[in-house]
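Asks: Need a 3D model of the following:
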Amino acid sequence: MKATSPRDTPMMRQYLAIKADYPDAVLCYRMGDFYELFLDDAVRVAPLLDITLTSRDKGKDAAVPMCGFPVHSAEGYIKRLAELGHRVAICEQVEDPKEAGGKRLVKRAVVEVVTPGLVGDPSGLDAAQEVAVMAVVLGAAGEPSGLAILDDSTGDFRATRIDGRPGDAIPDLLLQELRRVSPREILCDAEAEARLGTSLALLLPNAVLTRVPAASFDPLRAPAQPAGFNPMGTGPEDRAAASLISYLGVNQPSALSHFPGLRSYQLADTMVLDESTRTHLELFENNLERGRPGTLLELLDHSVTPLGPGRVAQWPRHPPVAPSAS
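Replies: As a prediction, the model looks like this:
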């Protein structure tokens, strides 16, 4: 009888079937106390995370490249991949192994997808860095555009409308807000992707541009209606917010039950501080060792909760123009 190929086992067939639904993501496949990565994912990820690349049935012609990390330390590895611009699909065992009885594979399914802008748990994040995902609706020349932003490090969900001017393919104020927020991930439809591509490559070379379905911008189709969100809204900011809610629903559906309320804001509400100004004022890093001692954030931050440091950091990051707005 011909020996079974290591690529043609029940476990690998299950893995490949799940991976087929997430071709653009790194699939972390739960096996007991470890998340395992196989094939191209393993080859690509092992050097990024400085972990050992090995293989199943090493030495055989069809050996399967693999690497992995313990579940108890997975958070750091997964966040590192997201910081590097990767989507990470978390595949868990969704039944008790005792129910399988050793006669069949334990059922597994992807329970969430961590993306560059959706990291899930805010603990361990640098408070000075806003971990944001932004949805963009680009109006035609002279028409208003809309932005919606979810800061995953603080849970702040906000949206704004930006008026266009005749002859402007992309409003300059929109580009300024992109630069100020510096989102890790930007959601847009195919048309906006084509229009934004060149500008983003210059402004935010490390941001990930994610194309989402045009239908996700329909407020009536949003899978949740947080406070402040208008499902009957037709403005570009309403459509941008709907897309962001839909994106969270697809990738991290469990988070919809505690989705933050939406607030409207105006670009003129806060002062724009560019990167050189932040550095000169030592808001988040000192100029001696690039550490936190001696910075304004160290002086302000006396928070005791995981979300606290990020929330405090918002004030010097986006200082309000009016004292009452703080």
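Asks: For V321, which residues are in contact?
Replies: 268-271 (Cβ atoms under 8 Å, 6 or more residues apart in numbering). All C-beta spots, glycine's among them, are computed from the backbone N, C-alpha and C.
Asks: quick one: which of the residues you listed sit in helices?
Replies: Among the contacts of V321, DSSP state H puts none in helices.
Asks: Next step: these restricted to strands.
Replies: When DSSP state E defines the strands, the subset of these inside them is empty.
Asks: Can you add neighbour count and pLDDT and give those residues back as JSON lines?
Replies: Shown next, in JSON lines, are the contacts of V321 (neighbours: other Cβ atoms under 10 Å; pLDDT from 0 to 100):
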{"residue": "A268", "neighbour count": "10", "pLDDT": "82"}
{"residue": "D269", "neighbour count": "13", "pLDDT": "82"}
{"residue": "T270", "neighbour count": "19", "pLDDT": "81"}
{"residue": "M271", "neighbour count": "11", "pLDDT": "80"}
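Asks: Please enumerate the helices of the stretch 51-200 of the chain.
Replies: Ranges of helices in the stretch 51-200 of the chain, per DSSP state H, counting those that start in this stretch, are 74-83, 97-100, 172-181, 190-203.
Asks: So which of the ones you listed is nearest L118?
Replies: helix 74-83 (8.0 Å; Cβ to Cβ).
Asks: which helices and strands sit right next to the closest one?
Replies: Counting by 3 or more Cβ pairs under 8 Å, 6 or more residues apart in numbering; DSSP states H and E, the packing neighbours recorded for helix 74-83 are strand 25-31, helix 39-49, strand 87-93, strand 108-114.
Asks: strands paired with the first one, and their directions?
Replies: Sheet pairing here is set by DSSP bridges, and for strand 25-31 it gives strand 34-38 (antiparallel), strand 87-93 (parallel).
Asks: Among these, which comes closest to E237?
Replies: strand 87-93 (25.9 Å).
Asks: Output the closest one as CSV, nothing but the C-alphas.
Replies: Taking Å, rounded to 0.1, in the frame of the first residue of the first chain, the C-alpha atoms of strand 87-93 are listed here in CSV:
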residue,chain,number,x,y,z
ARG,A,87,-4.0,39.6,8.8
VAL,A,88,-4.1,36.8,11.3
ALA,A,89,-6.9,34.2,11.4
ILE,A,90,-7.3,32.5,14.8
CYS,A,91,-8.5,29.0,14.3
GLU,A,92,-9.7,27.3,17.6
GLN,A,93,-10.9,23.9,18.6
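Asks: what does it contact?
Replies: Contacts of strand 87-93 (Cβ under 8 Å, 6+ apart): 18, 22, 24-30, 35, 78, 81-82, 106-116.
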